[in-house]
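Chemist: 3D model of this:
(one chain, ligands or ions: 1)
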Amino acid sequence: MTDQTPAPPSLDIRGLSAGYFGAAVVRDLTLTVGPGEVVALLGPNGAGKSTTLRAISRTLTPMTGTVTLNGRDVTGHRPQDIARAGLVHMSERRGIFYGLTVEEHLRLHKLDPATGYGYFPELKALRYRRAGLLSGGEQQMLGLARALARRPAVLMIDELSKGLAPVIVERLIPVVRRYADESGAGVLLVEQQVQLALQVADRGYVLAHGELVEHDTAANLLADRDVLVSSYLGAATP
Ligand SMILES: Nc1ncnc2c1ncn2[C@@H]1O[C@H](COP(=O)(O)OP(=O)(O)OP(=O)(O)O)[C@@H](O)[C@H]1O
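Modeler: Reported below is the predicted structural model:
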């Protein structure tokens with residue numbers, strides 16, 4: 001007899017509220033990312049997307065809510081323990097150290113640099129270059145190579161496309177999709193490039209004024225012009 005129990009979500013967030021100086025910026029968020037799923041978290045500037053990711057990785061202490069990784073409740077755990085449980089949060093800072101070379105980055109945390117080069121072979125030609133001398137796109141590629149080489153069970157990426165030319169974004173985003181497909185990891189992708197994110201995502205949530213206002217398959221969201229407009233400009237205020 002086979003085990004029919006469905007796998008738990010890679011990431012399960014319930015009733016999450018978080019903010020700064022006692023004021024909630026995101027309120028009562030409930031969202032899931034299934035195994036092998038890419039989920040886009042969309043919304044205009046200031047909607048609270050980065051705050052949500054920080055509260056999940058606990059680099060910001062949430063006010064309320066629970067966080068479960070692959071069925072394991074990590075609510076209240078320290079950020080390093082949540083990372084050890086398999087969550088990698090690629091923040092807007094990217095985890096790049098300007099004084100270290102490309103290869104030194106790919107060896108951090110005792111990683112095998114071959115894993116990072118496997119995702120982005122073009123980094124090999126830059127292996128001895130210090131990260132501070134790389135272009136923005138190369139730094140982003142390095143940050144992603146390192147994040148993937150850690151083989152996260154859940155990967156959260158904040159604005160992969162920020163400040164990058166379309167050609168480099170088109171190189172990076174499909175690798176995220178491939179990682180989810182091959183590893184079965186869940187990916188939560190915060191993106192301002194709404195169409196781009198929805199083209200690789202399975203589902204998407206739209207955050208406006210700190211609350212989730214829309215949730216659907218990526219295909220349905222892509223077809224809904226109102227959703228695309230509110231993702232850029234914010235939901236219409238009553
Ligand atoms: N460290 C902080 N201290 C105080 N307020 C903050 C801090 N970081 C963010 N905020 C505020 O929280 C709100 C949500 O910001 P957040 O960065 O989460 O939004 P976002 O949706 O990621 O926006 P963007 O797409 O512009 O990055 C904003 O009003 C912002 O000014």
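Chemist: could I have stretch 172-189 exported to CSV, CA atoms only?
Modeler: Backbone C-alpha positions of stretch 172-189 (Å, rounded to 0.1, in the frame of the first residue of the first chain) are rendered in CSV as follows:
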residue,chain,number,x,y,z
LEU,A,172,18.2,34.5,-13.9
ILE,A,173,14.4,34.0,-13.6
PRO,A,174,14.2,30.7,-15.5
VAL,A,175,16.9,29.2,-13.3
VAL,A,176,14.7,29.8,-10.3
ARG,A,177,11.9,28.0,-12.0
ARG,A,178,14.3,25.1,-12.9
TYR,A,179,15.5,24.9,-9.3
ALA,A,180,11.9,24.5,-8.0
ASP,A,181,11.1,21.9,-10.6
GLU,A,182,14.2,19.8,-10.0
SER,A,183,14.5,20.1,-6.3
GLY,A,184,10.8,20.2,-5.2
ALA,A,185,11.6,23.3,-3.1
GLY,A,186,9.0,26.0,-2.7
VAL,A,187,9.9,29.5,-4.0
LEU,A,188,8.4,32.8,-2.9
LEU,A,189,9.3,35.5,-5.4
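Chemist: what about this protein, any weak spots by pLDDT?
Modeler: Along the chain, segments meeting pLDDT under 70 span 1-3, 230-238.
Chemist: Near the ligand, which residues of it are found?
Modeler: By the rule C-beta under 6 Å from any ligand atom, the part of the chain lying against the ligand is 20, 25, 43, 45-51, 192. To be clear about C-beta, it is placed using only N, CA and C from the backbone, and glycine gets the same treatment.
Chemist: quick one, longest helix in this protein?
Modeler: Assignment by DSSP state H gives helix 166-183 as the longest helix of the chain.
Chemist: Check the offset of that helix from the chain's centre.
Modeler: The chain centre lies 12 Å from the centre of helix 166-183; the measure is C-alpha atoms, centre = their mean, to the nearest Å.
Chemist: which of the residues of the chain next to the ligand tops the neighbour count?
Modeler: Among these, Gly43 has the most neighbours (other C-beta atoms under 10 Å), with 30 neighbours.
Chemist: give me the beta-bridge partners of the closest residue to that one other than its chain neighbours?
Modeler: Of all residues not flanking Gly43 in the chain, Leu207 sits nearest, at 3.7 Å (C-beta to C-beta, 6 or more residues apart in numbering). Residues in a beta bridge with Leu207, per DSSP bridges, are Leu212.
Chemist: what's the closest residue to Ile173 other than its chain neighbours in contact with, if anything?
Modeler: Of all residues not flanking Ile173 in the chain, Val200 sits nearest, at 5.4 Å (C-beta to C-beta, 6+ apart). Val200 makes contact with 38, 173-174, 176-177, 189, according to C-beta atoms under 8 Å, 6 or more residues apart in numbering.
Chemist: give me that answer again for 10 Å
Modeler: Neighbour list for Val200: 38, 40, 173-178, 180, 187, 189, 191, 218 [criterion: C-beta atoms under 10 Å, 6 or more residues apart in numbering].
Chemist: what's the answer for Gly184, then?
Modeler: Contacts of Gly184 (C-beta under 10 Å, 6+ apart): 7, 10, 34-37, 153.
Chemist: Please check these and keep the buried ones.
Modeler: 10, 34-37, 153 (16 or more other C-beta atoms under 10 Å).
Chemist: Show me the helices in this structure, by range?
Modeler: Using DSSP H, helices in the chain cover 49-57, 79-84, 102-107, 113-119, 136-149, 166-183, 194-200, 218-223, 225-233.
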